[in-house]
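Trainee: Here you go, sequence then predicted model.
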Amino acid sequence: MGRKYESLEELRRKKKMLKSEINDLENLLTFKNTKESLSAFTNGLTDQYLQEKVDEDGDEKVVLRKDIIAKQITSEIKDAFISKNAAMGIASSAFKGGAGDALMKLAVTAFVGNYAKKNLKSSNWKKKILGAALIYLAPIALKFVRKKLENYQKNKSVSSMEQLI
């Protein structure tokens with residue numbers, strides 16, 4: 001230790017500087033200034049979303065800036081919908097029948113769900129069993145029918161291609 005420092009006074013200055021640095025770090029860790037502490041932990045990421053306000057009692061508190069958050073969310077959503085890739089993807093899926101397929105899935109799901117819900121609310125025990133069976137077995141049956149239809153469509157397209165050749 002004698003080699004690093006020239007005098008005892010230099011060692012005392014270093015000790016004082018380290019103590020003040022430790023106190024600053026303790027203040028950050030104890031959240032005495034919440035905004036500053038969060039800024040230090042997140043490397044400044046939260047600075048734009050937080051604002052310090054003084055309430056009626058004169059106490060300082062940190063509040064979220066909802067306007068900034070809402071603007072950022074709406075801009076992200078707008079960019080996702082307006083970007084060329086998303087617009088082209090939506091248009092191509094609509095032309096390919098993907099939109100119709102999705103609507104058909106939603107319609108079948110809504111119909112089966114409403115029918116099952118209606119049967120479950122019935123006082124008749126047979127209808128309750130039918131409603132419960134629909135909830136558990138309908139997805140399996142729909143997947144089976146869908147696979148069969150896809151296989152049929154694939155076989156039909158292969159046979160039509162064979163006829164063309």
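Mentor: That came through, no problem.

Trainee: Of all the residues in stretch 114-131, which ones are buried?
Mentor: 116, 119, 130-131 (16 or more other C-beta atoms under 10 Å). Bear in mind the C-beta positions are built from the backbone N, C-alpha and C, glycine included.

Trainee: how about CSV for these, with distance to Gly58 added?
Mentor: CSV is the format used below for those (distance: C-beta to C-beta, whole Å):
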residue, distance to Gly58
Ala116, 58
Asn119, 62
Leu130, 66
Gly131, 60
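
Trainee: Which of the residues you listed fall within helices?
Mentor: 116, 119, 130-131 (DSSP state H).

Trainee: now this structure, which segments are flagged as low pLDDT?
Mentor: Residues of the chain meeting the criterion pLDDT under 70: 1-3, 5, 28-34, 38, 41, 80-106, 164-165.

Trainee: where along it do the helices fall?
Mentor: 8-29, 34-41, 66-82, 84-96, 98-120, 125-164.

Trainee: out of these, nearest to Tyr49?
Mentor: Closest approach to Tyr49 among the helices of the chain (C-beta to C-beta): helix 66-82, 6.0 Å.

Trainee: got the CA positions of that closest one in CSV?
Mentor: Only the C-alpha atoms of helix 66-82 are listed here, as CSV (Å, rounded to 0.1, in the frame of the first residue of the first chain):
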residue,chain,number,x,y,z
LYS,A,66,-49.4,8.1,-20.8
ASP,A,67,-49.4,10.4,-23.8
ILE,A,68,-45.9,9.3,-24.8
ILE,A,69,-46.8,5.6,-24.3
ALA,A,70,-50.0,5.9,-26.3
LYS,A,71,-48.2,7.8,-29.1
GLN,A,72,-45.5,5.1,-29.3
ILE,A,73,-48.0,2.3,-29.3
THR,A,74,-50.2,3.9,-32.0
SER,A,75,-47.2,4.7,-34.2
GLU,A,76,-46.0,1.1,-33.9
ILE,A,77,-49.4,-0.3,-34.8
LYS,A,78,-49.7,2.2,-37.7
ASP,A,79,-46.3,1.3,-39.0
ALA,A,80,-47.2,-2.4,-38.9
PHE,A,81,-50.3,-2.0,-40.9
ILE,A,82,-49.1,0.6,-43.3
